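1. take this sequence and fold it.
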Amino acid sequence: MTVALNVKGKNSIIMAIDSRASWKNSAVHNDQCQKIFILPNKVTISFSGSLTRFIFNKETNEVISRYMDINDLVYGLAHYPDSEKMTINDTIEYIIGKFCSYFAGFTTQIHLGGSEGGKLFLVLMEFIDGKHIQNHPIPIDKYGYIYNGSDQAQIFSSMIKISEQYPSINEYELATIIGQKNDKELIEFAYNVIAEVMKENLKKSKEQQTVGGNIDIVQITKDDTVWIRKDGKYV
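-> Residues are numbered from 1 along each chain as shown. Below is the predicted model of the structure:
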């Protein structure tokens, strides 16, 4: 599974995610799975939920081969004619068409962040069994956050803890606190929340440790989209 955290502050959006790929009811993990990408049109895309189909050897706990990989969707977006000119609506339409025809059976959340017309946007697209359910845009005139993962309660609890408002605030109060953060504070907040979820994850059985690996982070402003952390290193 995944912990994906997207937060919107005063001047930027931070999209952060772990790099662990796990297989249901298995102790086998791959901590080098990239789940976040910057597309040619400067839209950032990240994924949680189903990422691939695979052939698995139950006796050796090894993955023999992968197919229907989510990277195929990213490759298609990156190599689409004039991909650098695609609007956010173009990107969404491409994803819906490709996903529903190719990724049958996938239950996946796709996060999109970027800047268009001088305004920041953040959208969550939901697919269940390969069917597009709905989009959840964060209003561009408000601050907010979107997160996904195998343990939603743990993610929210970690957000409250890292915000130093422990033990209890509601989601609206948390959104206000996040919205007041500057770029540096927002990056630190996103990193520390995912790191906290990873730490709590270690208390679970090996089969349930579905969050781990590196923490990759992208920063989106009205002027540019850049890597902050990639492959476990600050850029």
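2. where do the helices sit along the chain?
-> 71-78, 88-102, 152-162, 171-179, 183-201 (DSSP state H).
3. flag the shaky bits of this structure, pLDDT-wise.
-> By pLDDT under 70, the low-scoring segments of the chain are 1, 23-28, 52-68, 139-143, 166-167.
4. could you count how many residues lie near the closest residue to Cys33 other than its chain neighbours?
-> Of all residues not flanking Cys33 in the chain, Ala21 sits nearest, at 3.8 Å (C-beta to C-beta, 6 or more residues apart in numbering). (Glycine included, C-beta is placed from N, CA and C.) Neighbour count of Ala21, defined by other C-beta atoms under 10 Å: 23.
5. ok, now which ones touch Ala21?
-> His29, Asn30, Asp31, Cys33, Leu51, Thr52 (C-beta atoms under 8 Å, 6 or more residues apart in numbering).
6. which ones among these map onto strands?
-> His29, Asn30 (DSSP state E).
7. farthest-separated two in the contacts of Ala21?
-> Using C-beta to C-beta, the pair of the contacts of Ala21 lying farthest apart is Asp31 and Thr52, separated by 15.0 Å.
8. same drill for the two, tell me which one is more crowded.
-> Neighbour totals were compared for Asp31 and Thr52, and Thr52 leads with 18 against 13 (other C-beta under 10 Å).
9. ok so, going back, just name the closest of the contacts of Ala21 to Ala175, please.
-> Leu51 (28.2 Å).
10. what's near enough to touch the closest one?
-> Contacts of Leu51 (C-beta under 8 Å, 6+ apart): Ala21, Cys33, Lys35, Asp69, Ile70, Thr108.
11. out of those residues, which end up buried?
-> Those of the contacts of Leu51 that meet the buried threshold are Ala21, Cys33, Lys35, Ile70, Thr108, by 16 or more other C-beta atoms under 10 Å.
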